[in-house]
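Colleague: Next input, structure requested:
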Amino acid sequence: MYKLLEYGLIEEAGKSDLPGKPMSYKTTNEFLKMFGYKTLKELPELPRYKLDSNKQVVIDELIEEKQENLNEEQ
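Modeller: Below is the predicted model:
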């Protein structure tokens with residue numbers, strides 16, 4: 001977080017209305033320029049994910065690709 005702030009890629013957006021009142025952050029125009037975007041709408045969609053029984057993140061798209069590869073091998 002500190003490096004992103006230092007490079008001007010994010011900035012404070014205010015305090016959240018959650019316990020402890022944590023700070024919220026937002027991306028800056030410098031962030032968009034650095035990654036070649038004009039607006040936030042141009043950012044790619046995040047992959048679908050879920051938590052497994054061990055509370056680990058599992059990305060659905062990776063599971064689907066693995067299953068497809070297994071099916072092709074059979």
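Colleague: Could you list the domains of this protein?
Modeller: With domains defined by automatic domain parsing, the chain comprises 1-43, 44-74.
Colleague: all helices for this structure, in order.
Modeller: All helices of the chain, identified by DSSP state H, fall at 2-6, 29-35, 60-73.
Colleague: hmm, back to that, just flag whichever of the domains of the chain has the lowest average confidence.
Modeller: The weakest mean pLDDT among those belongs to domain 44-74, with a mean of 69.
Colleague: so which of the domains of the chain is the most packed in?
Modeller: domain 1-43 (a mean of 11; mean count of other CB atoms under 10 Å). (Each C-beta comes from the backbone N, C-alpha and C, glycine too.)
Colleague: I'd like the distance from that domain to the chain centre, please.
Modeller: Its chain's average C-alpha position is 12 Å from that of domain 1-43, according to CA atoms, centre = their mean, to the nearest Å.
Colleague: for it, how far is the first residue from the last?
Modeller: Taking CA to CA, to the nearest Å, domain 1-43 runs 20 Å from one end to the other.
Colleague: What values do phi and psi take at the residue nearest in space to the middle of the chain?
Modeller: Among the residues of the chain, the one closest to the centroid is L46, at 6.2 Å (CA atoms, centre = their mean). With angles defined as degrees, to the nearest 10, L46 shows backbone torsions of phi -70, psi 150.
Colleague: distance of the closest residue in space to V57 that isn't next to it in sequence from V58?
Modeller: In space, and not counting its chain neighbours, V57 is closest to Y49: 5.2 Å by CB to CB, 6 or more residues apart in numbering. As for Y49, its distance to V58 is 6 Å (criterion: CB to CB, to the nearest Å).
Colleague: T39 now?
Modeller: From T39 to V58 the distance is 30 Å (CB to CB).
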